[in-house]
Structure formats: C-alpha cells, structure tokens
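Colleague: need coordinates for the following:
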Amino acid sequence: MNTKGSFTGIFLCFLTLFTLTDCSTCQTNILEGDSLTFQLTDKQLKDNDRFTIKKDDKILVPKRNRKQDGPGIVKDKFLELQPVKLSDSGTYNVEVFDVNGIRIKSHSESVCVYAKIPKPRVNITCQDEKVDLRCDVEGGKDLSFSWYKNGKDLKKNVLNFSTNIEENKSKYTCTAQNPVNKNTSDPVEEACFKPATLFGFDLWIMVGILAGGGGLVLVLIIVLVTVACRACKRREKQQRDEEEFRLNYLNTSPPPGQQKSKQTARGQPAPPEPYDDVSAQEIPCQAEPRPRNQQRARPPPPPIDDEEEQPPPLPQPRKKAQVRKREGPM
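Modeller: Take a look at the predicted model:
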C-alpha cells in the first residue's frame, strides 16, 4: 500500500513538470550560455555503443554511436551540449546500449538553467520614523537576497525590510543571487531624517501656529504704535496751541480807560497782584534772573493820569536869605 502511494506521488510530480525540475531541487544548475555535459558511461564509450537522450519524454538525441553525427559532442565518456538556453531546463533521461542492444546504463537528471543576474539597486523609502529598503532586480527567478550595512551582514535574506531611522547615516548594499550567479548593488546611503518636533508636536505645524500668532501680535503692536503716535501728535499740537494763546494774551495791550496801573502813594508802581482767577497755564513766565554785574535799566516813569488824585506836595525848608531881609529894616 505504501509502495503504491509512493509511485502515485512520483507520477504526480512528473506530471506537473513543465520546463523546470522534479519535485526536489535541481541536480544540475547551469548558467545560460554555458555548456551542459551528460555522463554516458562509467568508462570510455566504445565505438559500437549507442546512446540516446530524452528531455521530458521527448527525444533530444536520437540513438547513435560516438562516430555518428548528431546533437552534442562526445568526449570520452561524456556528451556535451552547448550553448544552453533558459528553455533547456527540464528532466533528461540518458540511456546507453551495447552493440547487441542491451541497455548497459540508464539514469535521469534534472537540469535548471539560470540567467545572469543584472546589477540590483537599493530603493529607500522614508516613512515617518521608519525607513523601508527594497532590493530591486530586473527579471530573474529563484533569487535570494542578502543585506549588508556598512559592509556587515545583517542576516536578512528578504527582498525588503524596514528599520528605524538612525542619526548616524549608514550605507546599505544588497546582493541578489541564484544557484549559479550573484550580483551586488552599489552602496546607498540612508537619506531619511527623523521629523523634527517642538513641544512634542510636528515642527512645521508648530511653526505655522507660532507664525500665525506672531503675525497677529505684530498687527496688534502696529495698531498700538499708530494710536500712540497719533495721541502724541495731538498732545503736541494742543501744547503748541496753548503756548500761542498764552503769548497772544501777554502781548496784547488793553485799550485805554479799561485798565489802570496802580501806584503807591509816592508814585511807585504797585506790586503785581496774584493771579487768582487765571489758570496755571495762563500765568506769564517770570523773567530769568540777570547777572549782577549788569546794571538794571530804569523803568519808564509811570503814566500820569489826570483823573487820578495827585499826592500833596512835600514841605520845603525856609530860605535864610528871606529871613534876613525881613529882619533888616526893623
């Protein structure tokens, strides 16, 4: 029962073959363009021995001896087919017969033909705080990959992987290989950066918020400065108007008969009266003191008003000559 199941499994394996290998791995791996060699016998092939080769149950080399022409070149006990193509992958059955037609050797061999691997390229994609690395190769089959960071093997046999962004930038290389060929990419430096943060938030968002707030504050400052400047100008204008009004008030002389200068009994001008009803801004400024060595100018005599009462004349002493004349005739 077990033997029947084994034969059934083997039959299914051969049934599903197309152009590659059997259910297990290939017995012979060869690079496209190289020559494929089959061993015909364990010792040198005789001239009368005949052989045939089938590929996937189709005759590839018709039955012939070593001297007859046909596909391949016979060298001692080997048959060499060259050059091979990708389509030459498959299962080959080799049979050798003696001169009497008795089969002296028979074996099958699975062959896989691989193309030369082009130079891979490392593709880096930045995502937030992660960096995705991918080894891109054009074409190829049954490829395996190896990753290196600064020349050190990362033990990652995958097509792509992700890692955290590092502050110290590293150079990555990947190697793509098949059983008969491999190729390594040029080193590529990780060019990803951690997103800058401010107060735990994205830097550019915070910059936008601060820029908007700063612009609003700047507008408010401009408005306040403008209002303050206009207020200062109004105050200066008001002060100039008050000074001009005060100067006009002091320089304007009153018409005659409305104001009389007050004098003392001896004809001296009376002291100025205090300004009771006048505001502090309308009080005339006092003259600055003059140096002592400079003589003071005499004030002009006060105007004499006919209507004002004159002071009585002062008594004068008698003259001696008049007294003597009066005393003489007596």
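
Colleague: quick one, strands of the stretch 1-150 of the chain?
Modeller: According to DSSP state E, counting those that start in this stretch, the stretch 1-150 of the chain carries its strands in the segments 28-31, 36-39, 50-55, 58-65, 73-75, 78-81, 90-97, 103-114, 121-127, 130-136, 144-149.

Colleague: can you check what angle separates the fourth one from strand 50-55?
Modeller: Between the axes of strand 58-65 and strand 50-55, defined by axes from the mean of the first three to the mean of the last three CA atoms, to 10 degrees, the angle is 170 degrees.

Colleague: helices or strands next to the longest helix along the chain in the packing?
Modeller: Assignment by DSSP state H gives helix 203-251 as the longest helix of the chain. In terms of contacts (3 or more CB pairs under 8 Å, 6 or more residues apart in numbering; DSSP states H and E), helix 203-251 is packed against strand 197-198. For the C-beta atoms, the positions are set from N, CA and C on the backbone; glycine is no exception.

Colleague: same thing but 7 Å
Modeller: The helices and strands touching helix 203-251, judged by 3 or more CB pairs under 7 Å, 6 or more residues apart in numbering; DSSP states H and E, number zero.

Colleague: for it, give the mean pLDDT please.
Modeller: Averaging pLDDT along helix 203-251 gives 83.

Colleague: got a list of what Ser185 touches?
Modeller: In this structure, Ser185 makes contact with 119-122, 135, 173-174, judged by CB atoms under 7 Å, 6 or more residues apart in numbering.

Colleague: try Arg50
Modeller: Going by CB under 7 Å, 6+ apart, Arg50 touches 63-65, 97.

Colleague: among those residues, which one has the most neighbours?
Modeller: When neighbours are counted by other CB atoms under 10 Å, Phe97 leads those with 18 neighbours.

Colleague: output stretch 171-180 as PDB, restricted to C-alpha atoms.
Modeller: Output of stretch 171-180 as PDB, limited to C-alpha atoms (Å, rounded to 0.1, in the frame of the first residue of the first chain):
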ATOM      1  CA  LYS A 171      25.300  52.700   3.700                       C
ATOM      2  CA  TYR A 172      23.300  49.700   2.600                       C
ATOM      3  CA  THR A 173      24.000  47.200  -0.100                       C
ATOM      4  CA  CYS A 174      22.100  44.200  -1.300                       C
ATOM      5  CA  THR A 175      23.200  41.000  -3.100                       C
ATOM      6  CA  ALA A 176      20.900  39.100  -5.300                       C
ATOM      7  CA  GLN A 177      21.900  35.500  -6.200                       C
ATOM      8  CA  ASN A 178      20.700  32.300  -7.700                       C
ATOM      9  CA  PRO A 179      22.500  28.900  -7.500                       C
ATOM     10  CA  VAL A 180      25.000  29.800 -10.300                       C
END
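
Colleague: name the residues of that stretch that are buried.
Modeller: Under the neighbour-count criterion of 16 or more other CB atoms under 10 Å, stretch 171-180 has 172-178, 180 buried.

Colleague: and for stretch 127-147?
Modeller: 131, 133-135, 137, 140, 143, 145-147.

Colleague: count the neighbours of Tyr92 for me.
Modeller: For Tyr92, using other CB under 10 Å, the count is 21.

Colleague: before we move on, the earlier item: distance to Phe161 and mean pLDDT added to the strands of the stretch 1-150 of the chain, as CSV?
Modeller: Shown next, in CSV, are the strands of the stretch 1-150 of the chain (distance: least, CB to CB, whole Å; pLDDT from 0 to 100):
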stretch, distance to Phe161, mean pLDDT
strand 28-31, 27, 91
strand 36-39, 37, 88
strand 50-55, 40, 90
strand 58-65, 43, 87
strand 73-75, 47, 84
strand 78-81, 41, 88
strand 90-97, 35, 91
strand 103-114, 25, 90
strand 121-127, 12, 90
strand 130-136, 6, 91
strand 144-149, 7, 94
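
Colleague: nearest to Glu189, out of those strands?
Modeller: strand 121-127 (8.7 Å; CB to CB).

Colleague: ok, and for the closest one, which residues are buried?
Modeller: So, applying 16+ other CB under 10 Å, buried residues of strand 121-127: Val122.

Colleague: each with direction, which strands does that strand pair with?
Modeller: When pairing is defined by DSSP bridges, strand 121-127 lines up against strand 130-136 (antiparallel).

Colleague: tilt between the partner strand and strand 144-149?
Modeller: 130 degrees.

Colleague: list of residues touching strand 130-136?
Modeller: Contacts for strand 130-136 (CB under 7 Å, 6+ apart): 120-125, 145, 159-165, 172, 174, 176, 185, 190, 192.
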